[in-house]
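1. give me a 3D structure for the following:
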Amino acid sequence: MPFVELDTNLPANRVPAGLEKRLCAASAAILGKPEDRMNVTVRPGLAMAVSGSAEPCAQLLVSSIGVVGTAEDNRGHSARLFEFLTKELGLGQERIIIRFFPLEPWQIGKNGTVVTFL
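-> Predicted coordinates:
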């Protein structure tokens, strides 16, 4: 059950309509997971800075079991996610940060809920 969260300081009216559905489909294809198991959140209009600049930017967090975590996997995922995001958001790669967070199987609780241990 991958989680994909896109945060951006772009105002909502500059985020393409239906982006969450296209990001869901693209992420499923990139990660090799079924689309009906994906969870996608898009949050526009946030106060954000990347590399010390508040110019338009975005941060993508990808959390999943078994498909993120190795440098080799993440290089391939990053290239395809950057291609998608630069096209959809009109931002250069230097204004986009992609973070991968591998989930361990023991973090999944009953009924598919994710259990976080701090």
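2. pLDDT weak spots in the protein?
-> Applying pLDDT under 70 to the chain picks out residues 69, 105-118.
3. now the longest helix anywhere in the chain: buried residues?
-> Counting by DSSP state H, the longest helix found in the chain is helix 71-89. Using 16 or more other Cβ atoms under 10 Å as the test for burial, helix 71-89 gives 74, 77-78, 81-82, 84-85, 88-89. The C-beta positions use only the backbone N, C-alpha and C, and glycine is treated the same way.
4. what of stretch 59-68?
-> 59-60, 62-65, 67-68.
5. span of that stretch from start to end?
-> 16 Å (Cα to Cα, to the nearest Å).
6. any residues touching it, and which ones?
-> Residues outside stretch 59-68 that contact it (Cβ atoms under 8 Å, 6 or more residues apart in numbering): 1-8, 27, 31-33, 48, 50, 73-74, 77, 81, 85, 96-105, 108.
7. mind running it again at 7 Å?
-> Outside stretch 59-68, the residues that touch it by Cβ atoms under 7 Å, 6 or more residues apart in numbering are 2-7, 31-33, 73-74, 77, 81, 85, 96-103, 105.
8. among those, which ones are buried?
-> Buried among those by 16+ other Cβ under 10 Å: 2-7, 31, 33, 74, 77, 81, 85, 96, 98, 100, 102-103.
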